[in-house]
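Colleague: Prediction below, plus the sequence it came from.
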Amino acid sequence: MPMIEVKGLEALQAKLKALASGKYLDNVLRAAQRRLLDRVRAYPPASGANRPQPAPGRWYERGYGSRWSRARGGTGGNSTSERLGGSWVAKAEGQGLVLSNRASYAPYVMGAKRQSGLHRRRGWRRVDEVAAEEAGRIERDLVKAVEEVLK
């Protein structure tokens, strides 16, 4: 019976062990987390609804809340903004990332199922769309990391 000699098996096992450690996956997930948070935190350009209006005008000031101009001059308002952009959190869970937002109105502005038509027309992206756009890049980054380890 002929003898089969396998060369490089120990080196391959070491490379597979390095992949199994998760270190390379962690690097890819951290980069994906930064990109996703940058994208979901970005606001579309302000619309007329965000610009001060003459009395008796009303508008929404980002980072503050509802504002209005007074007939006798000056402005009033209610500081009710929950700062949507700054409320995004990405958390590693298993071998993936979970994006969430603490602002109570986030589902109506960027939610996959509950985004209002008004926010869609004003340029707000749904979080599921942003994640889907990033999925291809994440996959390419993972393949690249695996290829680098196996070289």
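Modeller: That came through, no problem. Residues are numbered from 1 along each chain as shown.
Colleague: any idea whether G76 is helix, strand or coil?
Modeller: Taking DSSP: H, G, I helix; E, B strand; the rest coil as the rule, one finds G76 in the strand state.
Colleague: Give me the distance between the nearest residue to it once chain neighbours are set aside and E61.
Modeller: Leaving aside its sequence neighbours, G76 sits nearest to W68 (CB to CB, 6 or more residues apart in numbering; 5.2 Å). The way it works is simple: take the backbone N, C-alpha and C, and place the C-beta from them, glycine included. Remark: distance between W68 and E61 (CB to CB, to the nearest Å) = 10 Å.
Colleague: repeat for A145
Modeller: For A145 relative to E61 (CB to CB), the value is 43 Å.
Colleague: again with L16
Modeller: 55 Å.
Colleague: in stretch 18-31, what counts as buried?
Modeller: Neighbour counts using 16 or more other CB atoms under 10 Å place 24-25, 28-29 of stretch 18-31 among the buried residues.
Colleague: from the residues you listed, which single one is nearest N50?
Modeller: Nearest to N50 among these, counting by CB to CB, is L29 at 34.4 Å.
Colleague: List of residues touching the helix or strand hosting the closest one?
Modeller: Using DSSP states H and E, L29 sits in helix 23-41. In this structure, residues lying in contact with helix 23-41 by CB atoms under 8 Å, 6 or more residues apart in numbering are 18, 85-86, 88, 90, 92, 95-97, 99, 101, 110, 125, 127, 130-131, 134, 137-138, 141-142, 145-146, 148-149.
Colleague: ditto for stretch 81-91
Modeller: 33, 36-37, 40-43, 61-65, 97-106, 109-110.
Colleague: Return the subset of those lying in strands.
Modeller: 61, 65, 97-101 (DSSP state E).
Colleague: No further queries at this time; thank you.
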